[in-house]
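[1] The sequence and its predicted three-dimensional model are supplied below.
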Amino acid sequence: MQTILTGIRANEEPTLGNFLGAYLPTIRLAKEHAADSHINMFIPDLHSFTTPIDHSKLYSQIIKGVKYYLAAGLDATQPNIHIYRQSRVSAHSEMCWILDCFTYFGEASRMTQFKEKSAEHADAITVGLFNYPVLMAADILLYDAKYIPLGEDQFQHLELARNIAIRMNNKFDQALFTIPAPEKEQIKFMHLEQGLRIRSLTEPSKKMSKSSENAKSKISLNDDPAQAAKKIMSATTDSVGVIKFDMVNQPGISNLLQIEALLNDRPLQDLIADWAGQSSYGDLKRKVADSVQSFLSLFQEKVSQITDAEVEAILKQGESYANHAANQKLHHVQRALGLRPSDSQTSPTQPEH
Ligand code: TYM
């Protein structure tokens, strides 16, 4: 059975960008494929402190991260849907070390997110930040995941995971890892025309980022819905004066059209056609502001109804599955690397130590 897998970090409050770029596509795919695929939606909690955070809040943020998956519509009662914490499946860390030794320093150095984040945190560039994409590769390859719903900013990391998998399969055993599908196939699988990049509301040439210190640039999932609507009303647009989808010349307006389409589950092309030729940016903003406000009210209401006890029970089940699946893969790789005897070196009467 194929695996569809994704993770959303819990150290900062997720944004509408995370929701539209990763939660929504994954949950749609889960609804479509829960009968024929494993759906792993996990919390990459070891990825939370590659840059400095307030550790006293981390645990409650992790639990809240799971509530967000459920409130967004992930049905944890389905037997093939697995929710777990990366830190509770120690095979992730062990596999990361193994993959580290088959990742070239040069290729890891080319990761643009590392370059950007290390510029932002010049006083605290850790080895963890550098190694972040290799741990991400371990998260993916441990479960033979083929489809990884991601926002556009993460495709370079996916490419690294593919390269490591191809390299190790060539060296050891063609069946060591499933090679994740390439970017184009991922986008098609998500029923999209291109990778998603929701833009900052104040600087629409950049992506909406949860680590941005400017609260007006982003809609966080715990924002007061009325305040969030105000942020949309004051979003930066342009002086062209015609509503058109043109991410290069009119990124602010295009971003609003994109948000409106995704929140209402409508094809972008339909929405573009609805607004074609119109000129009132205010009308479009009011429409998007209403959509964002009602989305957040409903979402937050759902989050408030989920108890910590429910989350604990779901994690217990998910982590039992994940440990079993991940350890099987880890042992296979350990055998290929010579850390365990190969099948021909183990006799039924002399079990492996
Ligand atoms: P994180 O938490 O930074 O981002 C989570 C997901 O949100 C997407 N995203 C966006 N999509 C559209 N528009 C935006 N403005 C926007 N901002 C963020 C990201 O592309 C991502 O899909 N490294 C991962 C976490 C991770 C992971 C994994 C994911 C760790 N291991 C294994 C998949 C598989 C990350 O970026 O998290």
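    Looks like it came in fine.

[2] which element is residue 3 on?
    Residue 3 is part of strand 2-7, with elements assigned from DSSP states H and E.

[3] Counting by contacts, list what that strand packs against.
    If contacts are counted by 3 or more CB pairs under 8 Å, 6 or more residues apart in numbering; DSSP states H and E, strand 2-7 sits against helix 24-33, strand 37-42, helix 127-141, strand 145-147. All C-beta atoms are positioned from the backbone trio N, CA, C, and that covers glycine.

[4] ranking the ones you listed by burial, who's on top?
    Comparing the helices and strands packed on strand 2-7 by mean neighbour count (mean count of other CB atoms under 10 Å), strand 37-42 ranks first with a mean of 24.

[5] what sits against the closest residue to residue 329 other than its chain neighbours?
    Ranked by CB to CB, 6 or more residues apart in numbering and with sequence neighbours excluded, the top spatial neighbour of residue 329 is residue 142, at 5.0 Å. Neighbour list for residue 142: 91-92, 95, 325-326, 329-330 [criterion: CB atoms under 8 Å, 6 or more residues apart in numbering].

[6] quick one: which of those residues is nearest to the ligand?
    Distance to the ligand across the contacts of residue 142 (CB to the nearest ligand atom) is lowest for residue 92, with 8.8 Å.

[7] orientation of the helix or strand that closest one falls within relative to helix 127-141 in degrees?
    Of the helices and strands defined by DSSP H and E, residue 92 is found in helix 91-100. Interaxial angle of helix 91-100 relative to helix 127-141 (axes from the mean of the first three to the mean of the last three CA atoms, to 10 degrees): 110 degrees.

[8] Mind checking the pLDDT average for the next helix or strand after helix 91-100?
    Scanning the chain past helix 91-100 towards its C-terminal end, the next helix or strand to appear is helix 105-109 (assignment: DSSP H and E). Along helix 105-109, the predicted confidence averages to a pLDDT of 96.

[9] Relative to the whole chain's centre, how far out is helix 105-109?
    With CA atoms, centre = their mean, to the nearest Å as the basis, helix 105-109 stands 22 Å off its chain's centre.

[10] tell me what it is packed against?
    Using 3+ CB pairs under 8 Å, 6+ apart: helix 105-109 touches helix 127-141, helix 155-171.

[11] Need those in a markdown table (columns: distance to residue 76 and mean pLDDT).
    A markdown table is the format used below for the helices and strands packed on helix 105-109 (distance: least, CB to CB, whole Å; pLDDT from 0 to 100):
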| stretch | distance to residue 76 | mean pLDDT |
| --- | --- | --- |
| helix 127-141 | 19 | 97 |
| helix 155-171 | 25 | 98 |
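
[12] Of all these, which one comes closest to the ligand?
    Proximity to the ligand, assessed across those by CB to the nearest ligand atom, is greatest for helix 127-141 (3.8 Å).

[13] tilt between that closest one and strand 37-42?
    An angle of 160 degrees separates the directions of helix 127-141 and strand 37-42 when computed by the same axes, to 10 degrees.

[14] and residue 219, which of the helices and strands packed on strand 2-7 is closest to it?
    Each of those was checked against residue 219 via CB to CB, and the shortest separation belongs to helix 24-33, namely 14.1 Å.

[15] for the longest helix seen in the chain, packing partners?
    In the chain, ranked by residue count with DSSP state H as the criterion, the top helix is helix 308-337. Helix 308-337 makes packing contacts with strand 37-42, helix 55-71, strand 81-82, helix 91-100 when contacts are defined by 3+ CB pairs under 8 Å, 6+ apart.

[16] Out of the ones you listed, which is closest to the ligand?
    With CB to the nearest ligand atom as the criterion, the ligand lies closest to strand 37-42 of those, at 7.7 Å.

[17] That closest one to helix 308-337, inter-axis angle?
    Between the axis of strand 37-42 and that of helix 308-337 there is an angle of 110 degrees, by the same axes, to 10 degrees.
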